[in-house]
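[1] please find the sequence and the predicted model below.
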Amino acid sequence: MIFAFRKFALPLFIASISAISPVSGHAQETPYVVSYDHHLEDRGSLEIDYSSIFGTQRGGNDFHAFWTEFEYGATERWTFGLYLEGQSTFGESTVFTGVRFENRFRPLKREHFLNPVLYVEYERKNGADKIMKEIEGHDTESDFLAPNAQARREHINELEFKLILPSTVKGWNFTQNTLAAKNLANAPWEFGYALGASHALGGKTSTPCSFCRQNLFAGVEMYGGLGDRHSFGLHNTSHYVAPVLAWSLPSDWSVHLSAGFGVNDTSRRFILRWGVSRDIDGFGAAIRRLFAAQQ
């Protein structure tokens, strides 16, 4: 299984960081890793993202989890994505942990003070999943103590909903995400949140450059669980504060970095997230032309 996953993951990683497009993209960049704002993919554009997380584990082995995301702008107000996930626990094994299908809908066409986005996701994963894309319910550090050989036997089918409420004020981006998730195996609803604030480090300019302040976006996130339907609140939940930084290049590459610190005893002390993404503008049109040429 380990060999099969590595054989699968290597070409996937190479594809994600070496995609080439002759057309320049222009997606809005924000540095958030857990939080979402109202910016969707342009219609017909594809973003390929490879991300990793390193987490420390008291009472168990540290881990490195990773995922590749393919995110496509179906319309101006609908973006959908596919996630492929895995993890390596030091001293144990490397395992494939599951897939996610994500949809984000923006009801309002024009910009407003609040720009709501509706988020719907289906997850099919196993208990060894450790990408920590969100914190929900009573997720705590001790949940990851089970060895991979045991945790991967648990199969999870989950629906996840988010109400995303971002706004932009004088160059600052603020966002609030409210999360509700339902394990389809007759489990109670679980809840969580994510908050973010960010700003570009420089003003806009018409001159393209790589090492300029306007290409750097810095901010901070806070995210955590809010219990479940039977015990809503902060008891036995985990919470993190994370400075975040993104570097957006004129060539449509972006790099992001986040260092998360647990703020209570049930949280991990430290998690480090990093990743690289590539926007491919006009991807949908290029695929249509390719199929038309073969007819």
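    That came in fine, so what should we check first?
[2] what about the helices in the stretch 151-295 of the chain?
    Remark: helices assigned in the stretch 151-295 of the chain by DSSP state H, counting those that start in this stretch are 283-294.
[3] what ranges do the strands span in it?
    Here the stretch 151-295 of the chain has its strands, by DSSP state E, counting those that start in this stretch, at 155-169, 172-183, 189-200, 216-228, 239-248, 253-262, 270-280.
[4] burial of Gly137, as a residue count?
    Using other Cβ atoms under 10 Å, Gly137 has 25 other residues around it. Bear in mind the C-beta positions are built from the backbone N, C-alpha and C, glycine included.
[5] remind me which residues of the protein are low pLDDT?
    Applying pLDDT under 70 to the chain flags the ranges 1-29, 205-206.
[6] before we move on, the earlier item: next, format the strands of the stretch 151-295 of the chain as TSV and append mean neighbour count and distance to Arg106.
    Formatted as TSV, the strands of the stretch 151-295 of the chain follow (neighbours: other Cβ atoms under 10 Å; distance: least, Cβ to Cβ, whole Å):
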stretch	mean neighbour count	distance to Arg106
strand 155-169	16	9
strand 172-183	19	13
strand 189-200	20	17
strand 216-228	21	21
strand 239-248	20	21
strand 253-262	19	21
strand 270-280	20	18
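[7] quick one: these as JSON lines, columns for distance to Gln87 too.
    Shown next, in JSON lines, are the strands of the stretch 151-295 of the chain (distance: least, Cβ to Cβ, whole Å):
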{"stretch": "strand 155-169", "distance to Gln87": "14"}
{"stretch": "strand 172-183", "distance to Gln87": "20"}
{"stretch": "strand 189-200", "distance to Gln87": "20"}
{"stretch": "strand 216-228", "distance to Gln87": "19"}
{"stretch": "strand 239-248", "distance to Gln87": "18"}
{"stretch": "strand 253-262", "distance to Gln87": "16"}
{"stretch": "strand 270-280", "distance to Gln87": "13"}
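[8] and these: which comes nearest Ser51?
    When the strands of the stretch 151-295 of the chain are compared by Cβ to Cβ, strand 270-280 sits nearest Ser51, at 3.4 Å.
[9] state the distance from Ala128 to Arg106.
    Per Cβ to Cβ, to the nearest Å, Ala128 is found 34 Å from Arg106.
[10] more neighbours: these two, which one.
    Per other Cβ under 10 Å, whichever of Ala128 and Arg106 has more neighbours is Ala128, with 27 against 18.
[11] isn't that one up against Arg152?
    Yes. Counting by Cβ atoms under 8 Å, Arg152 is a contact partner of Ala128 at 4.4 Å.
[12] distance-wise, check Arg152 relative to Phe261.
    Plainly put, Arg152 is 29 Å away from Phe261 if you go by Cβ to Cβ.
[13] and Lys182, by the same measure?
    For Lys182, the distance to Phe261 equals 29 Å [Cβ to Cβ].
[14] what does Gly60 give?
    In terms of Cβ to Cβ, Gly60 sits 19 Å off from Phe261.
[15] one more: Ala292?
    With Cβ to Cβ as the criterion, Ala292 and Phe261 are 52 Å apart.
[16] for Trp78, what are its contacts?
    By Cβ atoms under 8 Å, 6 or more residues apart in numbering, Trp78 lies in contact with Leu40, Asn103, Arg104, Phe105, Arg106.
[17] wasn't the third one part of a strand?
    Yes. Under DSSP: H, G, I helix; E, B strand; the rest coil, Arg104 falls within a strand.
[18] hey, what's it bridged with?
    Thr79, Tyr119 (DSSP bridges).
[19] list the buried residues for stretch 130-143?
    Buried residues in stretch 130-143, counted by 16 or more other Cβ atoms under 10 Å: Lys130, Ile131, Met132, Lys133, Glu134, Ile135, Glu136, Gly137, His138, Asp139, Thr140, Glu141.
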